[in-house]
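Peer 1: Fold the following for me, if possible:
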Amino acid sequence: MRHILTLAGREIRDGLRNRWVLAITVLMAALALTLSFLGSAPTGNVGVGPVEVTIVSLSSLTIFLLPLIALLLSFDALVGEFERGTMMLLLTYPVSRLQIIIGKFLGHVSILAFATVLGYGAAGIALAAAGNGNGFAVWRPFVAMIGSSVLLGAAFVALGYLISAAVGNRGTAAGLAVGVWLAFVLLYDMALLGALVADQGRTLTPEVVNLLLLLNPADAYRLFNLTGFANVSVFAGMAGLAETLRLPPALLLTALAAWIAVPLTLAAMIFQRRQV
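Peer 2: Here you go, the predicted model:
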């Protein structure tokens, strides 16, 4: 455990030195604060508060932004060490390959979690200071959104590690990382929508659609935040979809956890077999 924490600390120090932590935190805080204040304008008399509007806005932003940041953090985590020759030096220390990958992963996730909690938390503090939202019931979806955002980021960090373990150079890893982001964030839902229109309900039953949605971490995150809480789903226009899909929040969180565990396990297996 000591070796894992040492490796995680090394990644955090590298992130501080390269200004990754500062850049991500400032970006997340600036966007979150902007959306929180702009989002309070249209609430009016429609029965929702600024907190719900902010959750919907931040959830939509997170799906596009956080996976990209996570992949940029992690795509060269292993292959970059091989190219620089530092992996051979690292392996001379009394540390296993599994400890290396877990320690580096925890370091990158810690950077992402710190930036997310601080950035989105700043928006929550600003909303509370402005007198928006009273009671735990109002803030529970906001806290859940922050926690699930960290899980989404960790899932894409794990995917970045899988790419980094499988390829031989940083250029290929960078290209694949962009491809993974495009596939999960943009193309997957477009393809699924096209398939639903073409199928006309013959093969793609609600049960099949549920499974297909769970196969995309971005969709699991979106559904958790936009359908998991009644006051948010009504404003987001997802109340009817929540009744149709019937995917409980616990299952959606389990899917996100699986998207962390499976790619990271595959990355560790590939890394164990890789020649230095």
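Peer 1: Starting from the helix or strand bottoming out on mean pLDDT in the chain, tell me the next helix or strand along the chain.
Peer 2: When each helix and strand of the chain is scored by mean pLDDT, DSSP states H and E, helix 239-245 comes last, with a mean of 51. Once the chain leaves helix 239-245, the next helix or strand it forms, by DSSP states H and E, is helix 249-273.
Peer 1: Can you point out the buried residues in that following helix?
Peer 2: Applying a neighbour-count criterion of 16 or more other Cβ atoms under 10 Å, one finds 252-253, 255-256, 259-260, 263-264, 266-268, 270-271 buried in helix 249-273. Glycine gets a C-beta too; all of them are placed from N, C-alpha and C.
Peer 1: Quick check: which ranges of the stretch 151-276 of the chain have low pLDDT?
Peer 2: 201, 228-246, 276 (pLDDT under 70).
Peer 1: Helices along that one, start to end?
Peer 2: Under the criterion DSSP state H, counting those that start in this stretch, the stretch 151-276 of the chain contains helices at 170-181, 188-199, 206-214, 217-227, 230-236, 239-245, 249-273.
Peer 1: a markdown table please, covering those and showing distance to residue 145.
Peer 2: Below are these laid out as a markdown table (distance: least, Cβ to Cβ, whole Å):
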| stretch | distance to residue 145 |
| --- | --- |
| helix 170-181 | 21 |
| helix 188-199 | 20 |
| helix 206-214 | 18 |
| helix 217-227 | 5 |
| helix 230-236 | 9 |
| helix 239-245 | 16 |
| helix 249-273 | 12 |
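Peer 1: For the lengthiest helix in the chain, list every residue counted as buried.
Peer 2: Counting by DSSP state H, the longest helix found in the chain is helix 97-129. Using 16+ other Cβ under 10 Å as the test for burial, helix 97-129 gives 97, 99-124, 126-127.
Peer 1: Please apply the same query to stretch 215-230.
Peer 2: For stretch 215-230, the neighbour count (16+ other Cβ under 10 Å) marks 216-229 as buried.
Peer 1: residues in contact with residue 95?
Peer 2: Neighbouring residues of residue 95 by Cβ atoms under 8 Å, 6 or more residues apart in numbering: 3, 7.
Peer 1: secondary structure class for it?
Peer 2: Secondary structure assignment for residue 95 (DSSP: H, G, I helix; E, B strand; the rest coil): coil.
Peer 1: That one and residue 5: what is the separation?
Peer 2: Distance of residue 95 to residue 5, computed by Cβ to Cβ, to the nearest Å: 11 Å.
Peer 1: coming back round to it: now the buried residues of stretch 215-230 as TSV including distance to residue 85?
Peer 2: Output for those, formatted as TSV (distance: Cβ to Cβ, whole Å):
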residue	distance to residue 85
216	37
217	33
218	36
219	40
220	39
221	37
222	41
223	44
224	42
225	43
226	46
227	48
228	47
229	50
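Peer 1: Now residue 112. Nearest residue, chain neighbours left out?
Peer 2: Spatial nearest neighbour of residue 112, excluding adjacent residues (Cβ to Cβ, 6 or more residues apart in numbering): residue 153 at 4.2 Å.
Peer 1: what's the neighbour count on that neighbour?
Peer 2: Residue 153 is flanked by 30 other residues according to other Cβ atoms under 10 Å.
Peer 1: Would you agree it is in contact with residue 72?
Peer 2: No. With contact defined as Cβ atoms under 8 Å, residue 153 and residue 72 do not form a contacting pair (11.3 Å).
Peer 1: Perfect, I'm done here.
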